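Participant: Got a sequence here, can you model it:
(one chain, ligands or ions: 1)
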Amino acid sequence: MSPTGRPNPLRDPRDRRLPRIAGPCSMVIFGVTGDLSRKKVMPAIYDLANRGLLPPGFSLVGFARRDWEDQDFAQIVHDAVKQHARTEFRQEVWDQLAEGFRFVAGAFDDDEAFDTLRRTLLELDEARGTGGNHAFYLAIPPGLFGTVASQLQEHGLAEDPNAWRRVVVEKPFGHDLASARELNEVLGEVFPSGSIFRIDHYLGKETVQNILAMRFANEMFEPLWNSNYVDHVQISMAEDVGIGGRAGYYDGIGAARDVIQNHLLQLLALVAMEEPTSFDADSLRVEKEKVLAAVVLAKPLNRSTARGQYVEGWAGGEKVPGFLQEEGIAKDSRTETFAAITVEVENRRWAGVPFYLRTGKRLARRVTEVAVVFKRAPHLPFSEHSTEELTQNALVVRVQPDEGMTLRFGSKVPGTALEIRDVSMDFAYGGSFTESSPEAYERLILDVLLGDPPLFPRHEEVELSWKILDPVLEHWARTGSPEPYASGAWGPSSSFAMLSRHGRTWRRP
Ligand code: BG6
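Facilitator: Here you go, the predicted structure:
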């Protein structure tokens, strides 16, 4: 549907792409009771099945310390799918999928439970033809990765010469460089690096992948994509929600670790990297690593970074509590719910171009975008008055919501006077394509099952991102508390000062 709700007559309904369908396999989810499993992983599995992208015998095993039978687990998945799946509920799809549901009850250090898991997987191989191919999804705190990985190894589940075994881990990949390295070692003792799939769900988003298509499939952007023409880049990920029920995870982690270290630095890498020789995993990661290695923090840190913590205010017409009043948050917590940093990319292409990154909870609205802001024309052959309302040209990639791109440039206002004002040219996914975008988790889970790694950050990228962020975190740990900002606003004043000292302002998305 187009944004107007009417079908787009220009669309070609024939889908010429060959679907990528996973081969025989099963997936085990550790942490089935958590938010992530219910809101993202389970619905995505159903959506994949509904799109015909899972093999008929696909099986899903839940593992948790709950006194459940298979049917209790099936009910949990059912509720999650009904509530959060993207595609319509079809009974026949559900019935076939649900035949492959099993539940194994036990703690992560319980040998017996892992024996049962092994037997269950063997039984599924026999009964449903899953071929010994198993993906282990660790939707659990990173502190438990080691325990689960060694249990899988000890129970002969981590490798099989005739089948594939893969492990999927979620962020946070550590809380700093040292802990990320430790985590990597723990996993690396059990799984070869090619079998470890680190999820950064932003890379699964269509609009994020489109950054590469936009840059490298076209001729008109790339010639301008450098410090000769680009004034600066703004990468914003704003959320209107608070921390919801995630106090346990969020307190002590904060916005920089939660979002900048992964999602925003990955966005930066895609925007700033050189053209890869191909889009296979190695070529792509090499370019991302090169650019991340060239990223440096602007100094001094007290002016080139900003952090804040939301206090009570208004969201969606309702009064909402401040972060310190949220359930489960320490009353003296210094965790930031807003973080912004200024970095530069020290290479020939980007020398002198600041990249401003910001993220926050309880901001005015939910929006993620990358704005490439161009320099002003070197000369304007108009009177000053004519161009008073002309700002800088910008190309904005709207990651979400309202996915698309906007090009902002100056145009003459109709009339007898010569007056030039900003106008926008818009591309919206909804107006150009028949299919709605799959959820990031659909794409990423399918890639795991297919063993397709380009969209998964390699450990080196994770390390490089921590190297960028660690000095900021250390600086903040030494220097007082985050600045309060009202819920429903655009963050603390230090964030605005971070740009205004360079004579710039944040775009109001
Ligand atoms: C997660 C963060 O990675 O991304 C959350 O941990 C955040 O704090 C979420 O809310 C946002 O994801 P999305 O896809 O809604 O932008």
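
Participant: Phi, psi for the residue in the chain positioned nearest to the ligand please.
Facilitator: For the chain and the ligand, the shortest gap (Cβ to the nearest ligand atom) falls at residue 258, measuring 4.7 Å. Heads up, the C-betas are built off the backbone N, CA and C, glycines and all. Main-chain dihedrals, residue 258, degrees, to the nearest 10: phi -70, psi -40.

Participant: my guess is it meets residue 172, correct?
Facilitator: Yes - at 7.2 Å, residue 258 counts as touching residue 172 under the criterion of Cβ atoms under 8 Å.

Participant: residue ranges of the helices in the stretch 1-150 of the chain, please?
Facilitator: Along the stretch 1-150 of the chain, the stretches classed as helices by DSSP state H, counting those that start in this stretch are 35-36, 42-50, 70-84, 91-98, 111-128, 145-154.

Participant: now do the stretch 251-400 of the chain
Facilitator: 254-255, 265-272, 281-293, 301-304.

Participant: is the shortest one up against the ligand anywhere?
Facilitator: No - no part of helix 254-255 sits close enough to the ligand to count as contact by Cβ under 6 Å from any ligand atom; the gap is at least 8.1 Å.

Participant: List the contacts of that helix.
Facilitator: 307, 335, 336, 337, 338, 339, 359, 360, 361 (Cβ atoms under 8 Å, 6 or more residues apart in numbering).

Participant: which among the residues you listed end up buried?
Facilitator: 307, 335, 336, 337, 338, 339, 359, 360, 361 (16 or more other Cβ atoms under 10 Å).

Participant: Which residue, other than its chain neighbours, is closest to the second one?
Facilitator: So the one you mean is residue 335. residue 254 (4.4 Å; Cβ to Cβ, 6 or more residues apart in numbering).

Participant: Mind putting the contacts of helix 254-255 into CSV with distance to the ligand and pLDDT?
Facilitator: Below are the contacts of helix 254-255 laid out as CSV (distance: Cβ to the nearest ligand atom, whole Å; pLDDT from 0 to 100):
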residue, distance to the ligand, pLDDT
307, 15, 98
335, 12, 97
336, 12, 98
337, 10, 98
338, 12, 98
339, 12, 98
359, 9, 98
360, 10, 98
361, 7, 98
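
Participant: Name the nearest of these relative to residue 197.
Facilitator: residue 359 (24.1 Å; Cβ to Cβ).

Participant: OK, contacts around that closest one?
Facilitator: 236-239, 255-256, 258-260, 263-264, 338-340.

Participant: For the stretch 101-250 of the chain, give me the ranges with low pLDDT.
Facilitator: By pLDDT under 70, the stretch 101-250 of the chain has no low-scoring segment.

Participant: where do the strands sit along it?
Facilitator: 101-105, 134-138, 165-170, 196-199, 230-238 (DSSP state E, counting those that start in this stretch).

Participant: Out of those strands, which gets nearest to residue 50?
Facilitator: strand 101-105 (15.7 Å).

Participant: just checking, what packs against the closest one?
Facilitator: When contacts are defined as 3 or more Cβ pairs under 8 Å, 6 or more residues apart in numbering; DSSP states H and E, strand 101-105 packs onto strand 59-64, helix 70-84, helix 111-128.

Participant: among those, which is the most enclosed?
Facilitator: For those, the largest average neighbour count (mean count of other Cβ atoms under 10 Å) is found in strand 59-64, namely a mean of 26.

Participant: For the contacts of helix 254-255, work out which two are farthest apart.
Facilitator: 335 and 359 (13.5 Å).

Participant: Now, the contacts of helix 254-255 that are in strands?
Facilitator: Judged by DSSP state E, these include 307, 338, 339, 359, 360 as members of strands.

Participant: could you dump the residues you listed to JSON lines with distance to residue 93?
Facilitator: Below are the ones in strands among the contacts of helix 254-255 laid out as JSON lines (distance: Cβ to Cβ, whole Å):
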{"residue": "307", "distance to residue 93": "46"}
{"residue": "338", "distance to residue 93": "41"}
{"residue": "339", "distance to residue 93": "41"}
{"residue": "359", "distance to residue 93": "36"}
{"residue": "360", "distance to residue 93": "39"}
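
Participant: what about the most far-flung residue of the chain relative to its centre, which SS state?
Facilitator: Distance from the C-alpha centroid of the chain peaks at residue 416, with 48.6 Å (Cα atoms, centre = their mean). Under DSSP: H, G, I helix; E, B strand; the rest coil, the three-state class of residue 416 is coil.

Participant: dump the residue contacts of the closest residue to residue 181 other than its chain neighbours.
Facilitator: Distances taken as Cβ to Cβ, 6+ apart place residue 463 nearest to residue 181, at 6.9 Å, with adjacent residues excluded. Contacts for residue 463 (Cβ under 8 Å, 6+ apart) come out as 177, 180, 181.

Participant: 10 Å - rerun?
Facilitator: 173, 174, 177, 180, 181, 184, 289, 292, 293, 457 (Cβ atoms under 10 Å, 6 or more residues apart in numbering).

Participant: okay, now residue 240: neighbour count?
Facilitator: Counted with other Cβ atoms under 10 Å, the neighbours of residue 240 add up to 17.

Participant: circling back to that earlier point, so if I had to pick from residue 258 and residue 172, which one is more boxed in?
Facilitator: residue 258 (22 against 19).

Participant: Go ahead and confirm the more buried one touches residue 339.
Facilitator: Yes - in terms of Cβ atoms under 10 Å, residue 258 counts as a neighbour of residue 339; the distance is 8.7 Å.

Participant: got the contact list for residue 163?
Facilitator: 24, 25, 125, 130, 131, 132, 133, 134.

Participant: can you tell me the helix or strand for the residue nearest to residue 506 when sequence neighbours are not counted?
Facilitator: Once flanking residues are discounted, residue 506 sits nearest to residue 499: 5.9 Å by Cβ to Cβ, 6+ apart. Residue 499 belongs to helix 493-500 when assigned by DSSP states H and E.

Participant: which other helices and strands contact that helix?
Facilitator: helix 301-304, strand 305-311, strand 338-345, strand 354-360, strand 483-486 (3 or more Cβ pairs under 10 Å, 6 or more residues apart in numbering; DSSP states H and E).

Participant: Export the ones you listed to JSON lines and append columns for distance to residue 330.
Facilitator: Shown next, in JSON lines, are the helices and strands packed on helix 493-500 (distance: least, Cβ to Cβ, whole Å):
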{"stretch": "helix 301-304", "distance to residue 330": "25"}
{"stretch": "strand 305-311", "distance to residue 330": "12"}
{"stretch": "strand 338-345", "distance to residue 330": "18"}
{"stretch": "strand 354-360", "distance to residue 330": "20"}
{"stretch": "strand 483-486", "distance to residue 330": "16"}
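
Participant: contacting residues around residue 249?
Facilitator: Residue 249 touches 34, 35, 36, 141, 172, 243, 258, 328, counting by Cβ under 10 Å, 6+ apart.

Participant: buried subset of the residues you listed?
Facilitator: 34, 36, 172, 243, 258.

Participant: Return the member of these nearest to residue 478.
Facilitator: Residue 478 lies nearest to residue 258 out of these, by Cβ to Cβ, at 20.6 Å.
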